[in-house]
Structures are given as C-alpha cells and as structure tokens.
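>>> what shape does this take:
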Amino acid sequence: MERLRAELEQIKRLISRNSGNSSMPPSTDDLPGRAGKRKPAGGGQPGGQKRGRGKQPGAPGSHLPWLNEAGVRIVDRRPQGSCGCGKDLAAAADEGVERACQVTDVPLVTASTVEYRMRRVRCGCGRTHVASPPPQAGVANTRVYGANLRALVVYLLIVQHVPVHRCVQLVADLAGAGVSAGFVHKILAAVAAAVAEVVALIKTLITLAVVVHFDETTLRAGKAGVTQYVWSASTNLYTLFALGRRSGKQFRANGIGPAFAGVAVHDRYAVYDQAGNFAAGVRHQFCCAHLLRDLADAAETHPGHVWPIQCARALRGLIHAANLARATGRPAIDAATREELIGEFRRGVIVGRKDVPRVGGPRDKQPPARNLLDDLYHRHDDVLRFCYDTRIPPTNNLAERDLRPTKTQQKISGRLTSDTATTNRLTIRSYLSTAVKHGINAMTALRDAITANPWTPPATRIVLP
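Reported below is the predicted structural model:
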C-alpha cells in the first residue's frame, strides 16, 4: 500500500505539471491527461491586479504611419468620363488635390539572370587584358545563384525555421528559381564558415560582460534516439549557441564559463554550480521566474501552507520594485522598500522549512518543496542579488527568448539528422542574433557574410547585461 501511494503521488505530480508551476511550455497545458494551468496561488501581479491579455490600458497604440513625399511615389488620378453637362472631364480645370491615400505593397519577385561577359582587349604595345568577373560569379562558363537568393535561402532556414524541402519549394514558387536540397545544405555550410571568426569574437566579448544569461534546452539532433542540448550564453548585445551533451564537461568545452567571472543568471541547474565551470569570483543570480513557478507548484502540493503564497508575493514585489528602479535610472531598489519585502520573504522561507521537514536520504530523495526552501535559505544572496544592483536582471527571460527558436525548429522539423548541419545552424544563429541586437537587418547581415564581408560587432562598445 505504501508503494502504491508513492506511485500515485508521483503520477499526480506528473500530470499536474504545467507552464504555471514548471518549465513546461504553454503549448502542453491542454494535452490529454493534463490537469491544465491553474490560477497561480497568491494571485497575479503586485497589488492584486491581474494583467489581462493584449494591449494594456494606457499603453501607446500602434498604427501604419503616413509617409512623407520623400519616400513615396506619387501617382495623380483625375476623374474619368464625362460631366453631367456632356463635356469630357479630360479638359476640366485642375483645382488641386482633394484627398490622398497611400498603399504599401511589395513587387512580385522573379529571379533574373545576368550573363557577365569578360571581354579581352589588346593594348597598343601588344599585351592583352581580360576583365575580371564580379565577386559573386563562379568559375568560367558556369551559372551560380547570386547573393540575394543565397541570403533568402539561409534566412528561411535559420530565421523562419522552414525545413529544407519546403524551402526549396518556397523559393521555386516565390522567385521561380529551382534550387536543390543539396544547394541549400552547401550554402548553409558556406555561410557558417564565413562567420566563424565573428562568432569567435562574440564568444570573447561575452566572457568580458558584467552579466551573462545562461540556459540550455533539449534538441533531437543526430542519430535517431539521441537527444542533445543547445547551450546558450546571452547579453543584450551578444548571443552564442553551442550543441553538445548536458554535462559539466561539455559546458566547459563551450569556452565561455571557465573564462567568465561576472554575474551568471541561470535556472538553478546543477551544472552551473560545479567547480571549475566558471572562473573564480563568479556570482550567481537565480531566475526568479523559475522560482515563482516552483512556489506555485509548492502551493498546489501543500494547499494548507501559507509560506509559498507569502514568498511569491514578496518576490513579485521585489521584481516590480527592481523594474521601477531600473526604469528611473536608480542603481538599486529603495532601501526601505527592499528591506520590508526581503523581511517578508525571509520569514516565509523560515516558516516553510518548519512546515516541510527533511526526510532521510540525499537531496534527490527530498520533497521538491524542501529542496526549493533549502536553496531559498542557504543561497539567499543568489536569489536576491538583483535587489542591490539594477544591472542584474531578476529573471533569465533574455536567454529563454534567445533559445526559444530552437524549440520552434524542433516542433517543425522533428529531428535534425546531422550534427554538422545543426552546428552550422547554431553558428549562423549566433551571428544573426548578435547582429539583430545591434540593430542590423538580418538579410543585410546575411548578404554581407555571403559576399565575404561579414558584419563584425564593435569590440569597443561597453558590454552591459
């Protein structure tokens, strides 16, 4: 009976997991057999206000702005036909513009071919000279695809996650160019090689940052049945992705952790605490979004306990205060507000440690709520470091946003069958994500890489969180 009770509790816990109390994505909340997402215990945002979906009251709206004449082609339209008196309106006097409207559209794209003929000339001295081909041309007497079409192919694969064969069909339908799957894989490898040095520079710049967000996610890549992980390191200016196993050895092999001595923001995964994975002096900031989900799970698992609600309420208040301080340019939360909320949070943790006692055995045998409480108690500084320095964000949302396209790619393609091609994809994504963070258009960055002039981040810029 005890064994059956334990199995039943384990099953109940598994089916109760959702996006509100775990790291599971919202798309799994309504899967068959799931309990669905419940209203978070302690409710909503600070002050009891629940944020609704869509545009918030008071938030500025968006619209399609009117363009001035400098960027618009003007077409004058005159009335056609005859007047009621029988005269032709073509001869009517023009009295100016009554009203105007603007229509923004894109032209239909059709691939065109240019044949470059390299002429040979003979100087009066008898020497002959042959014109050089354009940079994007292939070897003599061959036909190749140009930089714009190559950039479009890579953009569809990397930014929009279009599978290879659908990319081939899309380019054929959109531009009338019959590219092949082999060409797509070849151009992917070529662009990855072209940006390799830039990505190496990005890795160096990330190690020099004050704050870096670290995250990881599963990815089905390589042989069937094998699950690998995509590791990410992000700041507001730089992004780096790497493919590998989920281990401390692999994390160190990525090259950022052992050289990084700033503040590491992460989700409490054990590998980030292993000795040697970071440089000496590194500090940690736990992701408070993950902690709030864990507190919501604790409130559901222990419905008679007050401490999860109290801790979540105080933590939300601290996050809100930190966001306000950052928005107004202050270096930290107001001391009085901070100490009051931290006191409430700390008292909740102390009560929780009495309500959820340890059981015999190691950490992996403890109730999840107890492990959470131990982390909140013993690693108090790593939970609330953001309260004393607004450069440190309270959540790891930046890394999760950067990493989310990986899950989109997996949902679309299922499995990426080649480790090499997957590594090439991640190399290009590192380059493009960094370029976009610097305000560079993704297609422009790709064309630059394809024409052997890849965009390079300015190494002299201040590296902020």
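
>>> low-confidence stretches in the stretch 351-465 of the chain?
The model of the stretch 351-465 of the chain has pLDDT under 70 over residues 459-465.

>>> please apply the same query to the chain.
The chain contains residues with pLDDT under 70 at 23-51, 459-465.

>>> can you give me the helices for it?
2-15, 147-158, 164-175, 181-194, 196-207, 248-253, 288-301, 307-327, 335-355, 368-378, 380-384, 397-413, 419-437, 442-450 (DSSP state H).

>>> can you tell me how far residue 213 sits from residue 272?
11 Å (C-beta to C-beta, to the nearest Å). Backbone N, C-alpha and C define where each C-beta goes, glycine included.

>>> how about residue 101?
With the distance defined as C-beta to C-beta, residue 101 ends up 56 Å from residue 272.

>>> who's more crowded, those two?
residue 272 (21 against 6; other C-beta atoms under 10 Å).

>>> wait, what's in contact with the more buried one?
Residues in contact with residue 272, defined by C-beta atoms under 8 Å, 6 or more residues apart in numbering, are 214, 251, 264, 266, 278, 284.

>>> tell me the two of those residues that are most distant?
251 and 284 (14.3 Å; C-beta to C-beta).

>>> which of these two has more neighbours?
Using other C-beta under 10 Å as the criterion, residue 251 and residue 284 rank with residue 251 on top: 26 against 18.

>>> what sits against that one?
Residue 251 neighbours (C-beta under 8 Å, 6+ apart): 231, 257, 271-272, 274, 277.

>>> from those residues, which would you call buried?
In the contacts of residue 251, burial by neighbour count holds for 231, 257, 271-272, 277, counting by 16 or more other C-beta atoms under 10 Å.

>>> which among those residues gets closest to residue 446?
residue 231 (23.6 Å).

>>> chain center to stretch 192-207: distance?
Averaging C-alpha positions (C-alpha atoms, centre = their mean, to the nearest Å) puts stretch 192-207 18 Å from its chain's average.

>>> same check on stretch 183-196?
For stretch 183-196 - counting by C-alpha atoms, centre = their mean - the centre lies 22 Å from the chain centre.

>>> now swap in stretch 81-97 and tell me
Distance of stretch 81-97 from the chain centroid (C-alpha atoms, centre = their mean) equals 58 Å.

>>> report the buried residues of that stretch.
Residues of stretch 81-97 classed as buried: none (neighbour count, 16+ other C-beta under 10 Å).

>>> follow-up on the earlier one: which members of the contacts of residue 251 are the farthest-apart pair?
Most distant of the contacts of residue 251, by C-beta to C-beta, are 231 and 274, 14.0 Å apart.

>>> for the residue nearest in space to the middle of the chain, which non-adjacent residue is closest in space?
For the chain, the residue nearest the mean C-alpha position is residue 402 (1.8 Å; C-alpha atoms, centre = their mean). In space, and not counting its chain neighbours, residue 402 is closest to residue 234: 4.7 Å by C-beta to C-beta, 6 or more residues apart in numbering.

>>> next, the angle helix 419-437 makes with the top strand by length along the chain.
For the chain, the longest strand by residue count, based on DSSP state E, is strand 211-220. Angle, strand 211-220 to helix 419-437, by axes from the mean of the first three to the mean of the last three C-alpha atoms, to 10 degrees: 150 degrees.

>>> hey, C-alpha coordinates of strand 211-220 in PDB?
Extracted in PDB, the C-alpha atoms of strand 211-220 (Å, rounded to 0.1, in the frame of the first residue of the first chain):
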ATOM      1  CA  VAL A 211      26.200  39.900 -16.500                       C
ATOM      2  CA  VAL A 212      25.600  36.900 -18.800                       C
ATOM      3  CA  HIS A 213      22.400  34.800 -19.000                       C
ATOM      4  CA  PHE A 214      23.000  31.000 -19.400                       C
ATOM      5  CA  ASP A 215      20.400  28.500 -20.400                       C
ATOM      6  CA  GLU A 216      20.100  25.100 -22.100                       C
ATOM      7  CA  THR A 217      17.300  23.100 -23.800                       C
ATOM      8  CA  THR A 218      16.900  19.700 -25.400                       C
ATOM      9  CA  LEU A 219      17.200  19.200 -29.200                       C
ATOM     10  CA  ARG A 220      16.700  16.000 -31.100                       C
END
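
>>> now do it: distance to the chain's middle.
With C-alpha atoms, centre = their mean, you get 10 Å for strand 211-220.

>>> and it, which strands flank it?
Its sheet considered, strand 211-220 pairs with strand 227-234 (antiparallel), strand 263-266 (parallel) by DSSP bridges.

>>> ok, which of the ones you listed comes nearest residue 164?
That would be strand 227-234 among the strands paired with strand 211-220, by C-beta to C-beta, at 19.1 Å.

>>> pull out the buried positions in that closest one.
Residues of strand 227-234 classed as buried: 228-234 (neighbour count, 16+ other C-beta under 10 Å).

>>> do stretch 125-145 as well
Of the residues in stretch 125-145, residue 145 count as buried by neighbour count, 16+ other C-beta under 10 Å.
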